[in-house]
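Visitor: Can you look at this prediction? I've put the sequence above it.
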Amino acid sequence: MTDIDVAKEMIAALKSWVDNEVVPHASEFELPDEYPTQMALQMASFGLFGATIPAAYGGLELDNITYARIVEELSRGWMSLAGIINSHLICAKLITRFGSEEQRQRWLPTMATGELRGCFSLSEPDSGSDAGALRCRAERDGNEWIINGTKMWVTNGERAGVVALLARVPDSDGTDSGGITCFIVEKTPGPGNQSGGITVSPKIDKLGYRGVETVEMSYVDHHLGEDQLLGGDEGIGNGLRWALAALELGRINVAARGVGVAQAAYDAALAYAKERQAFGRPISQHQAIAFKLAEMATKLEAARLLTYEAARKADAGERVDLAAGMAKLFASETASELALDAMRIHGGNGYSTEYPVERYYRDAPLMIIGEGTSEIQKLIISRALLAED
Amino acid sequence: MKVVVCVKQIPDPALPGELDPSTNYLKRDDKLILDESDSYGVEMALQLVESAGGGDVSLVSMAPNGAVGGLRTALAMGAEGAVLVSDAALAGTDALGTAKVLAAAISRMSPDLVLAGVESSDGYTGTVPEMIAGALNIPSITFAKQIQIEGGNVKVQRQTEAGYDDVECPTPALVSVTAGVVEPRYPSFKGIMAAKKKPVEELDLSALGIDSSSVGKNGARQETVQVTDAEERQAGEIIEDDGDAHEKIIEFLGELKVI
């Protein structure tokens, strides 16, 4: 567990950076969809690319609750920054938990510094919530694996040097019913066609979650070594189970992002409501607005507590599917509601790019969709509840 | 190269401060943080040691109740260790007494260079660094915007109203660093973790061989006799634009002699 005083100082240092360097400049990068290179470098200086990587491989080995607070703080400034480290750390989590010692030594130390960036690649054009339907194939050819398929929504796909790729290994009879398996693909960071049959599309133009690149990646007869099969032969057919386990960390991350965006929306709404005058007094003194602020603050607090509780359970080694599902569902929906509430309180100004609330409004839906939609969370929650009976 | 940085730990300026009515000094009972003015000295010291390719940066501070919060921040930035002077008899010490205490602590550390902020953000006397140099009998250069060590000399660009002067003196020397001339680094999280384990040597007056009657409230030759509230800022003049607002603004700025 991370020392509580150390965690407090980390969050204080991060808060100071977010207030001074992120909040005033986020829109300068977000609106033109520009990658925040300097911000990413400072995140690397803090050590955030190694946040949850074990200390033995050069990481900070922070517990989940500290990581959640970091993600929350980054997202309060600009949600995309949390995206820069999230899929990187999901990739690192897969290598840490399920990779061989040799695989850990090979990738984790450079991932911990941010020198090597990772991403996670599960979704496909026809397979999102229905992850088990993925079609990307990995076929064994002597001592190699040959990958063919197309992957969608690969965040950090351009800058990544390693990709945790989920692909289907056909059964011995050649049918596609075989197991989903995780491979670690090595690629050259950058866009376009790469040697070895990898193509990285130009970044997808998105409503929000801008600045950080999300790409499509295709593989045509891309060759991988045996040593890139995660966990060796034991990993064949275990990929989806492992990926879903790693995504539980992702769900806590997305819940914390929701809390951060909701906090930013609430802060903006509160400040504006105290300042904006209507009918001779600040609008915060009109009950319609005051009650809205009260509801916002209450939902925000509930979202935060659910998120911290899920993180605490993960730290205690307890099962977290239910808690992480609830936190992710509630915090992402809260972020969306509070972003709209903040916009309502801002009136016409909230609709303008001069104020950041329009960004919160565009960013919030990502959390409802990414790492399992709200509907998938309800499925996870209800299955866990019914299984408890 | 060994650099010692004087670091003051002050009450958080973001919180409302309170004066002790018996001394008219700021109360320092709550958690103390690193004075931002001193973060520039710490950053300058770290840069000097990094560019020299070796050496170490140590901190020296005087604070009540063994406070180390601000020191930990500077240690997390990269300083190697710290000396803290803390003694109940130091309550009410004036600027000269503070300088004597810090000088006694610094002399045990045998530095090549001592850095300090120009002035603290809570006391603002702006006299302590030069008094430390006096007590140590070493040269002092004020208002540095850039520092270089060459051979046995320190070369300083000393900020002036018109620009800067190039000033040079032999080491050991004390240099006060102007706020804002370098960008203090954010501590890395590994730095924050490591700072918990870095050595902070706590000394009292007897360890420094200082007679307690020569410092503290009794030894103080400076007294704050009266404190009055600063004049409240007056509301500004609002110029309504009837087509001639620009002329009124130009006239106003002309009266202030800023254009």
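Guide: Nice, I can see it.

Visitor: hmm, who's touching stretch A:137-144?
Guide: Stretch A:137-144 is contacted from outside by A:145-149, A:167-170, A:176, A:181, A:183, A:223-226, using Cβ atoms under 8 Å, 6 or more residues apart in numbering or on different chains. Glycine gets a C-beta too; all of them are placed from N, C-alpha and C.

Visitor: cutoff 10 Å now
Guide: Residues outside stretch A:137-144 that contact it (Cβ atoms under 10 Å, 6 or more residues apart in numbering or on different chains): A:145-149, A:165-170, A:174, A:176, A:178, A:180-183, A:219, A:221-229, A:236, A:239.

Visitor: Repeat that for stretch A:275-283.
Guide: A:272-274, A:284-286, A:289-290, A:292-293, A:345-347, A:349.

Visitor: and that stretch, how far apart are its ends?
Guide: End-to-end span of stretch A:275-283 (Cα to Cα, to the nearest Å): 8 Å.

Visitor: ok, and for that stretch, which residues are buried?
Guide: residue A:283 (16 or more other Cβ atoms under 10 Å in any protein chain shown).

Visitor: before we move on, back to that, and the contacts of stretch A:275-283, which are buried?
Guide: Neighbour-count burial (16+ other Cβ under 10 Å) applied to the contacts of stretch A:275-283 gives A:272, A:273, A:284, A:289, A:292, A:293, A:345, A:346.

Visitor: State the pLDDT value of the nearest residue to residue B:126 once chain neighbours are set aside.
Guide: Closest residue to residue B:126 apart from its sequence neighbours, by Cβ to Cβ, 6 or more residues apart in numbering or on different chains: residue B:119 at 3.6 Å. With respect to pLDDT, residue B:119 scores 91.

Visitor: likewise the one 10 residues further on?
Guide: The score at residue B:129 is 96. That number is its pLDDT.

Visitor: what's the neighbour count on it?
Guide: The tally of other residues near residue B:129 (other Cβ atoms under 10 Å in any protein chain shown) stands at 25.

Visitor: That one contacts residue B:118, correct?
Guide: Yes. Using Cβ atoms under 10 Å, residue B:129 makes contact with residue B:118 at a distance of 7.3 Å.

Visitor: residues shared between the contacts of those two?
Guide: Common neighbours of residue B:129 and residue B:118, counting by Cβ under 10 Å, 6+ apart, are B:41, B:142, B:176, B:177.

Visitor: And the residue of chain A that's closest to chain B?
Guide: Residue nearest to chain B within chain A (Cβ to the nearest Cβ): residue A:47, separated by 4.3 Å.

Visitor: Please state the offset of the host helix or strand of residue A:153 from the chain centre?
Guide: Following DSSP states H and E, one finds residue A:153 within strand A:144-155. A distance of 19 Å separates the centroid of the chain from that of strand A:144-155, by Cα atoms, centre = their mean, to the nearest Å.

Visitor: Now that strand: average pLDDT?
Guide: Across strand A:144-155, the average pLDDT comes to 95.

Visitor: So what are the sheet partners of it and their directions?
Guide: Strand A:144-155 pairs in its sheet with strand A:137-141 (antiparallel), strand A:214-225 (antiparallel), by DSSP bridges.

Visitor: Which residues of the stretch 151-300 of chain A lie near chain B?
Guide: Among all residues of the stretch 151-300 of chain A, none is adjacent to chain B (criterion: Cβ under 10 Å from any Cβ of the partner chain).

Visitor: can you give me the strands for the stretch 151-300 of chain A?
Guide: For the stretch 151-300 of chain A, strands defined by DSSP state E, counting those that start in this stretch occupy the ranges A:162-168, A:180-186, A:192-194, A:198-200, A:214-225, A:277-278, A:281-282.

Visitor: what helices or strands is the second one leaning on?
Guide: Going back to what we said before, that points to strand A:180-186. helix A:79-98, helix A:101-113, strand A:118-121, strand A:137-141, strand A:144-155, strand A:162-168, strand A:214-225, helix A:239-275 (3 or more Cβ pairs under 10 Å, 6 or more residues apart in numbering or on different chains; DSSP states H and E).

Visitor: 6 Å instead?
Guide: strand A:162-168, helix A:239-275 (3 or more Cβ pairs under 6 Å, 6 or more residues apart in numbering or on different chains; DSSP states H and E).

Visitor: tell me the most buried of the ones you listed?
Guide: strand A:162-168 (a mean of 26; mean count of other Cβ atoms under 10 Å in any protein chain shown).
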